[in-house]
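Engineer: Sequence first, predicted model second:
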Amino acid sequence: MLEAANRQALTQQLKPPAGFRLSHAVGTTFTLNMTSALSVPLSFVAGSGEEFTNTVAVLSALRKVSDRVDIFCQAGHIKAPSNASDLLALLEPMVHQVSVRRGLFHPKIWVLEFENDDERRYRFLCSSRNLTTDASWDLLVRLDGMPAEDGQSVAPDSGPLARFIAGLPELCTVKPDGGRLAKVSGLASRLASVQWDLPEDIQRLAFRPMGMGEQFEQGSIVAHLRDSENFPALNNKTGAAAHLGREKLVISPFLDDTLIGRLRDKWTDNLYVYSRGDQLDLLQEQTVADASASFKAFDELGIPESAESGQSDTDEFGIQRVADDLAGLHAKAYFCDYDHYTYALLGSANATQAAFAKNVEFLLEMRGAKKRLGVQRIRDSLKDVPFADYLGTGGASRSEEDEAAFRLENALRDAAAQNFLLDAVPADDARRTFTVTVSHSWSPASDFNAHLRLLSLPQPSVAVEPSHNAGSRTSSSEEGHKHDFHDVPLADVTPYLVLTLEDPEAKLSKSTVIQGSLRTDPAGRLDEIIARQLDDPQKLRQFLLLFLTPEDALPGSGTGTGWFAGAGFGDGSTAGLFEALVGAMASPDAGSVFPDLKIVMDRLLALRGDDPEIQQLHSLWAAATEALELGEHYGV
């Protein structure tokens, strides 16, 4: 079942089926790398053949599909890029940071709806994969589905998945706009009637969201691992009498004695545990010494434990920066052989009490024939993964450095969940620069140093003082803090802030991006960002060709990048643009496409207004826009 040699990028799994285009996508992640998020819209634009390093291709894809993508991530775990691209501002509508009352927001799923006229297709991805650039070994289960026919019974029941998606907006620290709320709610309602195809060798499957109030039926392994005293195991007994099978296998980078104890019941012959050496060291000695358990460690050295974070080199000031991503093992899976069946759990939950009892997580619970899916078959499939026998004895304690890193992470999560309000006031009559004021009531602990800046500008950075020691730009603790950023160009006005916390005693620091609320959003801000990116005619031509190419275009079909070379894309002519504009007029999306191009066409005219071809092109676009407006007016 586990194909260790089958490695695919997440973005490949997001691509629509042939002939379909994206209707809506909802994704969840614990850690979000903003640069990685830029690659997501490209996944939905068929035939582009572009990488996310191509600024113009990313810009085009963002403009096409960002209103149909929603990504939910844990507040305090949005990775601060070293060099923030202007394009990150275009992620604002689709990225939503969330905070939960207990534990962490830790699920890693994607729900995708595709359309072809009135036809709908669905895809569900359940994985251990964050939306980051790390090269960890992760696992993913893909389900494809379609609407059930009238009267057809639906199995597996999508109700838990639908309720999970519907509940996500309630966790957001900044409430999404009404249009997005309606789209997420609409997708959730349609999921309830989707008929899913089961993976190969799987006979039964159930969606298992945790931490959102979902109740599971008796006999669920997830329910038993969460509360072993009140939910029976596979033998229909609870507590010390519970039994989950004689052969079991666990893959988890993080684990604790409580969960391992629940899996290692008194009837267990073999419990195989695949984890990280530094985490196995933290188990109690009696857990490691148990004769029924054997432990293997992923072959990675020098990566300290810190929630789901690693640690990078020391910077020029001697302060170690805590990185946001692991290297190596990140997969989570559980297999139990019971009777003639194997029961499997795959998804986001580590083998810890916190994962099953506190966090928001998502797992798939599956059952298949033991002869096809058994523990020994899974062990054989892991031979190509670099695991080695664990030779330690357990009983270690977390280092002071690890504890300090935990404190930083907890403080950042707390800060990011607070309300940061931003106001942008014009600094000149031309409204080209602005004074951005950040207001908030969060204060760091007295033993931390805190600095805040706009994501779009590396400088200036302002200190956030502890509440008992207000600085010159900080009002009283009752009123909160106010920070002014002066002479900010229109395209650099942003609701994204970067907060850096430093623990001087431990010589550790960590940064996160915080999603604030831009109360006074200057008109034309996002258009200005687009205009700043399209700073030469070649980029403008490329953008127009990409933007006007249908999303469901196939390579070699006369559209897409296979068509560009024959349409004047490389030699600077505009013949391809004329063809693209004429073709786009027949698209059902023409009513939204042409008005959306105004900023681009105006900029093209400003740069090359003396070029007769550009003048003709602009005239064609203006005529097309006028015709579409008249058609809408008369209901044509």
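Structural biologist: Yes, it's here.
Engineer: Please name the residues that touch Thr437.
Structural biologist: Leu422, Asp423, Val425, Lys482, His483, Asp484, Phe485 (C-beta atoms under 8 Å, 6 or more residues apart in numbering). Any C-beta I mention is one placed from the backbone N, CA and C, and that applies to glycine too.
Engineer: wait, which of those is closest to Asp610?
Structural biologist: Val425 (37.7 Å; C-beta to C-beta).
Engineer: helix or strand for the closest one, which one?
Structural biologist: Using DSSP states H and E, Val425 sits in strand 421-426.
Engineer: Also Ala206?
Structural biologist: Here Ala206 is assigned to strand 204-210, by DSSP H and E.
Engineer: outside of the helix or strand following that strand, which residues touch it?
Structural biologist: Downstream of strand 204-210, the first helix or strand assigned by DSSP H and E is helix 221-226. The contact list for helix 221-226 (C-beta under 8 Å, 6+ apart) reads 208, 210, 216-217, 231-234, 238, 242, 244, 259, 262-263, 334, 336, 343, 345, 356-357, 363, 365.
Engineer: Take helix 221-226, keep the C-alpha atoms, and write them as CSV.
Structural biologist: Extracted C-alpha coordinates of helix 221-226, given in CSV (Å, rounded to 0.1, in the frame of the first residue of the first chain):
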residue,chain,number,x,y,z
ILE,A,221,-10.1,3.2,16.1
VAL,A,222,-9.7,7.0,16.2
ALA,A,223,-12.4,7.3,18.9
HIS,A,224,-10.7,4.6,20.9
LEU,A,225,-7.2,6.1,20.7
ARG,A,226,-8.8,9.4,21.7
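Engineer: Check which residues of it are buried.
Structural biologist: If you call a residue buried by 16 or more other C-beta atoms under 10 Å, then helix 221-226 has these buried ones: Ile221, Val222, Ala223, His224, Leu225, Arg226.
Engineer: what's the answer for stretch 408-425, then?
Structural biologist: 408-409, 411-413, 415-418, 420-424.
Engineer: Relative to Leu14, which of those is nearest.
Structural biologist: For the buried residues of stretch 408-425, the closest approach to Leu14 (C-beta to C-beta) belongs to Ala416, at 26.3 Å.
Engineer: ok, that closest one - contacts?
Structural biologist: Ala416 is in contact with Ala75, Gly76, Ile78, Gln97, Ser99, Thr173, Leu499, Thr512, Ile514, Gln515, counting by C-beta under 8 Å, 6+ apart.
Engineer: count of neighbours near Ala240?
Structural biologist: 9 (other C-beta atoms under 10 Å).
Engineer: Over to Trp442?
Structural biologist: Considering only other C-beta under 10 Å, Trp442 is surrounded by 20 other residues.
Engineer: helix/strand/coil for it?
Structural biologist: Using DSSP: H, G, I helix; E, B strand; the rest coil, the structure places Trp442 in coil.
Engineer: give the contact list for it.
Structural biologist: Contacts of Trp442 (C-beta under 8 Å, 6+ apart): Asp414, Ala415, Gln418, Phe420, Val464, His481.
Engineer: now do 7 Å
Structural biologist: Neighbouring residues of Trp442 by C-beta atoms under 7 Å, 6 or more residues apart in numbering: Ala415, Gln418.
Engineer: Compute the distance between it and Tyr274, please.
Structural biologist: Using C-beta to C-beta, to the nearest Å, one obtains 40 Å as the distance from Trp442 to Tyr274.
Engineer: what do you get for Glu409?
Structural biologist: To Tyr274, Glu409 is 25 Å away according to C-beta to C-beta.
Engineer: and what of Glu214?
Structural biologist: 28 Å.
Engineer: Looking at those two, which is more packed in?
Structural biologist: Neighbours were counted for Glu214 and for Tyr274 using other C-beta under 10 Å; Tyr274 has more, 25 against 17.
Engineer: what number of residues lie near the nearest residue in space to Leu490 that is not next to it in sequence?
Structural biologist: In space, and not counting its chain neighbours, Leu490 is closest to Glu528: 4.8 Å by C-beta to C-beta, 6 or more residues apart in numbering. Neighbour count of Glu528, defined by other C-beta under 10 Å: 20.
Engineer: Glu528 belongs to a helix, doesn't it?
Structural biologist: Yes - assessed with three-state DSSP, Glu528 lies in a helix.
Engineer: Would you agree it is in contact with Ala491?
Structural biologist: Yes - using C-beta atoms under 7 Å, Glu528 is in contact with Ala491, at 4.4 Å.
Engineer: farthest pair in the contacts of Thr437?
Structural biologist: Farthest apart among those - using C-beta to C-beta - are Val425 and His483, which lie 13.8 Å from each other.
Engineer: tell me the contacts of the residue lying closest to Ala166 once chain neighbours are set aside?
Structural biologist: Nearest residue to Ala166, sequence neighbours excluded (C-beta to C-beta, 6+ apart): Ala188, at 3.8 Å. By C-beta under 7 Å, 6+ apart, the contact list for Ala188 reads Ala162, Ile165, Ala166.
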